[in-house]
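S.K.: can you look at this prediction? I've put the sequence above it.
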Amino acid sequence: MNQMTMEYTINQLKQLNGAQDHRYQREGLDFITLPKAYAVEAITRLRDHEGFAHLVLLTAVDWLEQGQFQLTYLLNNPVKKQDLGIRVLIPRETPVMDSIHLLWGQAATYQRELHEMFGIDFPGSPRVDQPFILEGWDEMPPYRRDFDTKKYAEETYFPRPGRSSNDPTEYMKHQLYPDE
Amino acid sequence: MSKKLFSLNQDRSLFPPNRPDGTIDVDLSSHKYLKIWHGPQHPGITGNMSLELTLLGDEVMDCETHVGYLHRGFEKLMERRKYIQCFPIVCRVAVPEPDFNEYCFASAMEELAGIEIPEAAKWLRTLVLEMARLQSYLMWIGGQGSAFGMGIVGQWTNYCRDLVLDRFEELTGGRIYHMFIIPGGVRGLLPDGFRERMEETLQTVERFMKDVHSTMFNNAVFKKRSVGMGVIDPSWINRFGIVGPNARAAGVPLDVRKDYPYLKYPELDFEPVTGRDSDIYTRADVRRRDLLLTVDLIRQIMAKTPDSGEIRAKTPNVLHWKVPAGETYSRAECTRGEFGYYMVSDGSEYPRRVNVRGPSYTHAVALLEKMIINVNLADVAGLMVSLHTYPPEIER
Amino acid sequence: MSKEDLEKRTVYSPDGEPIEIDPLNDYFLDRRPESYAPRNGVIEQFANWARAESLWVLGFGTGCGAIEMRPLMTPRFDAYRFGIQWRPTPRQSSVFVISGYLSVKTLKRVIRSYEQMQNPRFVVALGSCTINGGMYWDSYNTINRLDHYLPVDVYIAGCMPRPEALLAGFEELKKRIKAGKGDGANKYAENFDWYKANQKKIIKDWDMPDYNW
């Protein structure tokens, strides 16, 4: 029964909003990709008409190899106990996305964090330019894949000398198969 | 005493004028307002978070939250470590309840890799999660009492919490950070004599909770200060994403253990604890009854946990484990509400992206800025504790 | 209060006279710390005994370690029998327990609180994050070595150290003070420029006086 209504929702998304790449992860959790232009409209329709009234999280994944950011909106239907993860792919050079701060009260916070950590801009979101977590940060947004945190930590904070690191793969290979 | 009910349609003609983007137009040079910084060290919550408050006399007019004092960049650190190397740092995301982090991470990994864990491991995981919930509630009740001036409640409950931590130390080897839940199962079985000592601890907890009930909940001062204050309207629950006891005290029975059953909760007999008016007093009462429910659940689990059996499923060599590509979201019910891990894997030995969804993210930033309007300065600490905010999981 | 209020500017008095103000370097804020010389003989021994037996700790839980400081206030581990109390303000305390890692944002507040404490003051560093960065050694927001920013008297290793380990650490601090070696504040005053340079290297928006006393 739950799966039938989920199929109806997925079919509506495919017909009306051009969704693709649907993946059924487990009972009650599906992922689907929406194009950027229709995403906010689809999310509004899901919230108002299909019962997905709870925004669980809004996060971003950095696919450096494909030059894209994937924004994931995880919506939850509290009555039918279903989750729907909506993936939106935006280009990495100019990451801008429409804001959903009018739909949910906590979305503004998520968007502030994404702006600071990934550099994704949400024009119109309240206080999106103000630093949320970091203070006095002038490097590139830290959660991007090309930011090397180990190098930054070694240069800025004085590491204590005498630390030696073993890569566990190499070490175990040497222990178990010393001849190779 | 009038009920301070804050609804969204309140007459705001007495208030400073609102700007279109929701901020309040306050003229600081008119000498009517005082702007103070309720800084990172304060009696409100365990953790560091600041509030920038604009006061008119004694009442708060406007509030901006500032977080980030405890930011370690967990999600970035996890991308540099293999899956098994993430387990020691995953505990430290939400410090009073480390086991929920371990469980959500392990369950997301096992779901992506398609591994089923054995029965004894499920029972032990449920036991450890309930014990973590018990000691976290005990610390919280101490904090709520201290925020309103009753320090003795904190002394009693922290003593009980130390007894529960002793049981943790017997079972897992560590007081605070256990690392007991590992991919594939758990690390060990129950030691000998554990059940008797656990029963003794639970009886001590119940005895102390009777004293806490009569000292704190039948206390005229606590009732005067907390009844009618900090009310959450049920219509805000979906608008702000409120979960856990904050929502249950408003009458909406949101409980992940019942809605999305996991581990051995379908075989345990319990009902989610709800309240009717959702003010500070009801939230404290809901949590107190939830604590007693947890004691009952632990007794049920101890009666059903097997003494022997397989505790770890067969997993590939953890140092070379390439989890198949995919993404998933796994959730658990922690003391504060729904705790979730969103994990994306790209088929290599390192996690691609792990995002932690802590319940305080919505309670302490968006909801608090709305609820704190018109609250007296002396009650700000009590309000923050009653929402059970915990800053490390806001900024991870 | 915004950042513009902290800059040098001209304000006008009610009579119309212009007054130049510089809020960050007001006339009494450009002092440097001074080291204090110990008094001689028995008086200093007595003073050290008094300092060691009444260590008042600033109640600022800076990191994970705050959770293992709470059991010390309960009757089971009882730090109060050693004369150790938790005080809310820096002016009333003499020991600053840095409990765990420090992010850059917290380090700025810690420095401000530390400099507001009165001499003689001591720093106890809890946990392995203060020794060499601990498990956040490669994080871009936490510091690796605390003794480059504040003078540390006693390190307590562990993650988390048990409350008994904390009591042993306080015992060690008391021994050092009674032996006359509790001079972290003097070290801070003598190497003030080096500490300040290290602090300013990582705290990029410095909007407080150089010495917050």
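M.R.: Okay, I see it.
S.K.: next helix or strand past the helix or strand harbouring C:Val123?
M.R.: C:Val123 belongs to strand C:122-126 when elements are defined using DSSP states H and E. Per DSSP H and E, the first helix or strand lying C-terminal to strand C:122-126 is helix C:129-132.
S.K.: from the contact counts, what lies against whichever helix in chain B runs longest?
M.R.: Assignment by DSSP state H gives helix B:119-147 as the longest helix of chain B. In this structure, helix B:119-147 packs against helix B:98-113, helix B:151-172, strand B:185-186, helix B:194-212, helix B:280-304, strand B:326-334, helix B:380-386, with contacts taken as 3 or more CB pairs under 8 Å, 6 or more residues apart in numbering or on different chains; DSSP states H and E. Every C-beta, even on glycine, is put in place using the N, C-alpha and C of the backbone.
S.K.: tabulate those (a markdown table), appending distance to A:Arg127, mean neighbour count and mean pLDDT.
M.R.: Shown next, in a markdown table, are those (distance: least, CB to CB, whole Å; neighbours: other CB atoms under 10 Å in any protein chain shown; pLDDT from 0 to 100):
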| stretch | distance to A:Arg127 | mean neighbour count | mean pLDDT |
| --- | --- | --- | --- |
| helix B:98-113 | 29 | 24 | 90 |
| helix B:151-172 | 35 | 20 | 90 |
| strand B:185-186 | 43 | 24 | 88 |
| helix B:194-212 | 40 | 16 | 92 |
| helix B:280-304 | 28 | 20 | 91 |
| strand B:326-334 | 27 | 23 | 90 |
| helix B:380-386 | 20 | 24 | 87 |
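S.K.: which of those sits closest to B:Pro234?
M.R.: Comparison of those against B:Pro234 by CB to CB identifies helix B:280-304 as nearest, at 12.6 Å.
S.K.: and the closest one with helix B:151-172, angle?
M.R.: Orientation of helix B:280-304 against helix B:151-172 (axes from the mean of the first three to the mean of the last three CA atoms, to 10 degrees) gives an angle of 30 degrees.
S.K.: now helix B:280-304, how far from the centre of its chain.
M.R.: 14 Å (CA atoms, centre = their mean, to the nearest Å).
S.K.: near chain C, which residues of chain A?
M.R.: Residues of chain A lying close to chain C by CB under 8 Å from any CB of the partner chain are A:134-138, A:142, A:147, A:149-150, A:152-154, A:156-160, A:163.
S.K.: what about chain B: which of those touch it?
M.R.: A:Leu134, A:Glu135, A:Pro142, A:Phe147, A:Thr149, A:Lys150.
S.K.: out of those residues, which end up buried?
M.R.: Taking 16 or more other CB atoms under 10 Å in any protein chain shown as the criterion, what is buried in these is A:Leu134, A:Glu135, A:Pro142, A:Phe147, A:Thr149.
S.K.: which ones among those map onto strands?
M.R.: In strands, judged by DSSP state E, none of those are found.
S.K.: need the residues of chain B near chain C, please.
M.R.: By CB under 8 Å from any CB, the residues of chain B that approach chain C are B:35, B:39-41, B:43, B:46-48, B:68-73, B:76-77, B:80, B:88-89, B:92, B:95-96, B:139, B:155, B:158-159, B:161-162, B:175-177.
S.K.: now the buried members of the residues you listed.
M.R.: Buried subset of the residues of chain B next to chain C (neighbour count, 16+ other CB under 10 Å): B:39-41, B:46-48, B:68-73, B:76-77, B:89, B:92, B:95-96, B:139, B:155, B:158-159, B:161-162, B:175-177.
S.K.: just the helices in chain A please.
M.R.: Going by DSSP H, chain A shows helices at A:2-17, A:39-48, A:107-117, A:149-156, A:168-176.
S.K.: now those helices in TSV, with mean pLDDT and distance to A:Gln130?
M.R.: Formatted as TSV, the helices of chain A follow (pLDDT from 0 to 100; distance: least, CB to CB, whole Å):
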stretch	mean pLDDT	distance to A:Gln130
helix A:2-17	76	33
helix A:39-48	88	23
helix A:107-117	89	7
helix A:149-156	86	23
helix A:168-176	78	41
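S.K.: centroid residue for chain B?
M.R.: By CA atoms, centre = their mean, chain B has its centre lying nearest to B:Arg336, at 2.8 Å.
S.K.: now do the contacts for it.
M.R.: For B:Arg336, the contacting residues are B:Val243, B:Gly244, B:Pro245, B:Gly358, B:Pro359, B:Ser360, B:His363, B:His388, B:Tyr390, by CB atoms under 8 Å, 6 or more residues apart in numbering or on different chains.
S.K.: can we see that at 7 Å?
M.R.: Applying CB atoms under 7 Å, 6 or more residues apart in numbering or on different chains to B:Arg336 gives the contacts B:Gly244, B:Pro359, B:Ser360, B:His388, B:Tyr390.
S.K.: put the buried members of those into a ChimeraX selection.
M.R.: Remark: buried members of the contacts of B:Arg336, expressed as a ChimeraX selection using 16+ other CB under 10 Å:
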select /B:244,359,360,388,390
